[in-house]
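Q: please find the sequence and the predicted model below.
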Amino acid sequence: MPGFFPGARENIAVPDDRKGQIVFKWPDHEIRRFTHAIVAPDELAVFMYQGQVKGTLPPGRHSIDATELPFLGIFADALTGGNLYRAELYFIGNREFTQNRFGGKIDSVQDPVSTLIVSLRVFGDYSLKVVEPANLLVNLVGTVDVTDNSAVTNWVAEQLLKVLRTDVTKQIVRNGWPILGLAAYTEDIEKAIIELANQQLATYGLTVARMGNFTISLDDESQKRLEQFSKDTAYSRLAGSFQGYAAGEMALGAGQGMAQGGGAVSPAFMAAGFGLGGQMAQPVQAAPAPPAGGGYAPPAPAPAAATVQCPKCQATSPAGGRFCPSCGGPLGAAHCTGCGAELAAGARFCAGCGQPVGAAPAPVAPAVAPDAPPAPPQPPAV
């Protein structure tokens, strides 16, 4: 029907409040003939029909008319005499879209230095650019919601994490990169991630131009464990051994408890701490050689302690003492109470008179005068 919608004019463009979108889909599938499509300098307009890209419009002002854009002929509605075109129209931003956030847990890896299993995480942002609008529309946009950029940027963020999980782990293992010093290799990791990610994104017409605020770090628990390990290692090296460092830490804890008033540390703990420190300071004694026959050899009995006998009460006392712990008598050189001869240590009888050691002296008979008359005989007892 010629003359349908005579002189109809309207403009088709991305609304001002949607200028930041990577992909904007024009909501109306019926586009009037002679309508003007306004494509911004950082955009590209793409016509799709039955899931296939049929034509594109570069930046500028374009009249929607098959006489100027021959590919529109396949969209013409015969019922309207070609005055309506039935098609899907997309506006694709081809500038660089920056500050797209990504982050999350990468993986659990073994630190080459400490051999501890730690968990890594990454945070940062990236800039995204569309390089093949047709691939983006056919392979990705047709399956996601494009009312905002999150459907595209979130998907790209997942691809970045996927690459990080495989590549960072591989680099740490292959190159022996220490986890606590991983920041020194951020530039190398960033270059590798961009290259590997873009291999994944090429099919979808996207590319990661650059990354910013890119940080790989440990989770809180792993950070504490690695820092404690580094501290223990450094102090053990200074102390000469881990045992020496442990003894110093125990003594330091005791000192801190005493500084708090003594309530935080018990005497037993202090004794254990200082005892451990003394033991660690002693050289390690070599173990005795095993018997030649290979069998079990019982340990040799400990030698009996030397003792002496008190010359006064005959109590046994450790050798070296000066006084008896039972009677208080001297344990030095003793003399016979009968004849006065010096007694040997531990002797039970006097070598001079044969009297038992410690016996009371024998009574001495009184002397009789030679001129005294003899005593009269006593009558026998009845």
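A: Everything's here; your move.
Q: give me the domain ranges for this protein.
A: 11-93, 96-218, 223-257+269-278 (automatic domain parsing).
Q: lowest average pLDDT across those?
A: Mean pLDDT values for these show the minimum at domain 223-257+269-278, a mean of 62.
Q: Asn198 looks like it's in a helix, true?
A: Yes - under DSSP: H, G, I helix; E, B strand; the rest coil, Asn198 falls within a helix.
Q: kindly reformat the domains of the chain as a markdown table containing distance to Gly340 and mean neighbour count.
A: Where C-beta positions appear, they are placed from N, C-alpha and C, glycine not excepted. Below are the domains of the chain laid out as a markdown table (distance: least, CB to CB, whole Å; neighbours: other CB atoms under 10 Å):
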| stretch | distance to Gly340 | mean neighbour count |
| --- | --- | --- |
| domain 11-93 | 123 | 16 |
| domain 96-218 | 81 | 17 |
| domain 223-257+269-278 | 51 | 15 |
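Q: which one of these lies closest to Cys324?
A: Evaluated with CB to CB, these place domain 223-257+269-278 nearest to Cys324, the distance being 32.5 Å.
Q: OK, contacts around Pro112?
A: Taking CB atoms under 8 Å, 6 or more residues apart in numbering, we find Pro112 in contact with Ile172, Val173, Gly176, Trp177, Pro178, Ile179.
Q: and for Thr215?
A: Per CB under 8 Å, 6+ apart, neighbours of Thr215: Val122, Phe123, Gly124, Ala183, Thr186.
Q: look up the closest residue to the last one, ignoring the ones flanking it.
A: Excluding its sequence neighbours, the residue lying closest to Thr186 (CB to CB, 6 or more residues apart in numbering) is Phe214, at 6.2 Å.
Q: part of a helix, is that neighbour?
A: No - per three-state DSSP, Phe214 lies outside any helix segment and is strand.
Q: for it, what are its contacts?
A: Going by CB under 8 Å, 6+ apart, Phe214 touches Val122, Gly124, Thr186, Ile189, Glu190.
Q: looking at the residues you listed, which are in helices?
A: Per DSSP state H, helices hold the following members of the contacts of Phe214: Thr186, Ile189, Glu190.
Q: I'd guessed the second one sits against Ile216; true?
A: Yes - Ile189 is within contact range of Ile216, at 6.8 Å (criterion: CB atoms under 8 Å).
Q: follow-up on the earlier one: please tabulate the domains of the chain in a markdown table, including the columns distance to Phe323.
A: Below are the domains of the chain laid out as a markdown table (distance: least, CB to CB, whole Å):
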| stretch | distance to Phe323 |
| --- | --- |
| domain 11-93 | 103 |
| domain 96-218 | 63 |
| domain 223-257+269-278 | 31 |
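Q: of all the ones you listed, which one is nearest Val357?
A: That would be, of these and by CB to CB, domain 223-257+269-278, which comes in at 44.1 Å.
Q: how about Val131: what's its closest non-neighbour residue?
A: Using CB to CB, 6+ apart, the closest residue to Val131 is Thr207 (5.2 Å).
Q: ok, the helix or strand hosting the one you found: who's next to it in the sheet?
A: Counting by DSSP states H and E, the element that carries Thr207 is strand 206-218. Strand pairing for strand 206-218, using DSSP bridges, gives strand 117-130 (antiparallel).
Q: ok, and what's touching whatever helix or strand comes next after the partner strand?
A: Next in sequence after strand 117-130, counting helices and strands by DSSP H and E, comes helix 133-139. For helix 133-139, contacts defined as CB under 8 Å, 6+ apart pick out 23, 44, 46, 48, 51-53, 56, 90, 92, 94, 130, 203-206.
Q: which ones among these map onto strands?
A: Val23, Leu44, Val46, Met48, Gln52, Val53, Thr56, Tyr90, Ile92, Val130, Leu206 (DSSP state E).
Q: avg pLDDT for stretch 356-373?
A: On average, stretch 356-373 scores 55.
Q: from the contacts of Phe214, which is closest to Val168?
A: Checking those one by one against Val168 (CB to CB), the nearest turns out to be Ile189, at 6.2 Å.
Q: how about the contacts made by the closest one?
A: Neighbour list for Ile189: Asp167, Val168, Gln171, Phe214, Ile216 [criterion: CB under 8 Å, 6+ apart].
Q: before we move on, what about Asn149?
A: Applying CB under 8 Å, 6+ apart, one finds that Asn149 lies in contact with Gly20, Gln21, Ile22, Phe97, Asn100.
Q: next, the angle from the lengthiest helix in the chain to strand 206-218.
A: Longest helix in the chain, counting residues (DSSP H): helix 150-175. Between helix 150-175 and strand 206-218, the angle comes out at 60 degrees (axes from the mean of the first three to the mean of the last three CA atoms, to 10 degrees).
Q: picking that back up, of the contacts of Phe214, closest to Ser150?
A: Set against Ser150, the nearest of these by CB to CB is Gly124 (17.2 Å).
Q: thanks a lot, catch you later.
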